[in-house]
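In: sequence first, then the predicted structure:
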Amino acid sequence: MPDRYRVVEYDSGPRGMPGMEAIINEKAAEGYALHQVIERSTYQWVLIFSLRLSVEHPGSSPASLLANTC
C-alpha cells in the first residue's frame with residue numbers, strides 16, 4: 001500500500017512559485033491532496049500531501065486482492 005503522506009521540499013527562488021502548482025497537480029494525479037504548506041524561509045517551502053482515501057490504488061481494490069490470493 002502506498003505511503004499515507006508525502007513530504008516535498010520546494011525552493012521558489014526570487015522568481016516566484018509557478019512550479020509549486022505543477023508539483024501539487026503531479027501529486028494529485030498520484031492520488032495525494034495538499035494537506036499543509038510550511039514556509040521555512042523567504043523562498044523555501046515544505047509541502048505535505050496526504051493520500052486521498054477515495055482514490056483506488058493499484059492492487060488495493062477487493063477484486064485485485066482476491067485475484068492475488070488465487
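Out: That came through, no problem. Residues are numbered from 1 along each chain as shown.
In: contacting residues around Arg4?
Out: Ser50, Leu51 (C-beta atoms under 8 Å, 6 or more residues apart in numbering). Backbone N, C-alpha and C define where each C-beta goes, glycine included.
In: residue ranges of the helices in the protein, please?
Out: Here the chain has its helices, by DSSP state H, at 18-29, 62-69.
In: where among those helices is average confidence lowest?
Out: Set side by side, the helices of the chain give their lowest mean pLDDT on helix 62-69, at a mean of 47.
In: where does this structure dip in pLDDT?
Out: 1-2, 16, 54-70 (pLDDT under 70).
In: what about Val46, how many residues nearby?
Out: 13 (other C-beta atoms under 10 Å).
In: ok, the closest residue to it other than its chain neighbours to Ala29 distance?
Out: With C-beta to C-beta, 6 or more residues apart in numbering as the criterion, Val46 has its nearest non-adjacent residue at 4.4 Å, and that residue is Ile38. With the distance defined as C-beta to C-beta, to the nearest Å, Ile38 ends up 23 Å from Ala29.
In: show me which of those two is the more surrounded one.
Out: Legend: neighbour count by other C-beta under 10 Å for Ile38 and Ala29, higher for Ile38 (11 against 8).
In: ok, that one - contacts?
Out: Trp45, Val46, Ile48.
In: next one: Lys27
Out: So Lys27 contacts Arg6, Val8, Ala33, Leu34, Leu47, Phe49 (C-beta under 8 Å, 6+ apart).
In: quick check: ChimeraX command selecting the buried ones in those residues.
Out: Restricted to buried positions by 16 or more other C-beta atoms under 10 Å, the ChimeraX selection for the contacts of Lys27 reads:
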select :6,8,47,49
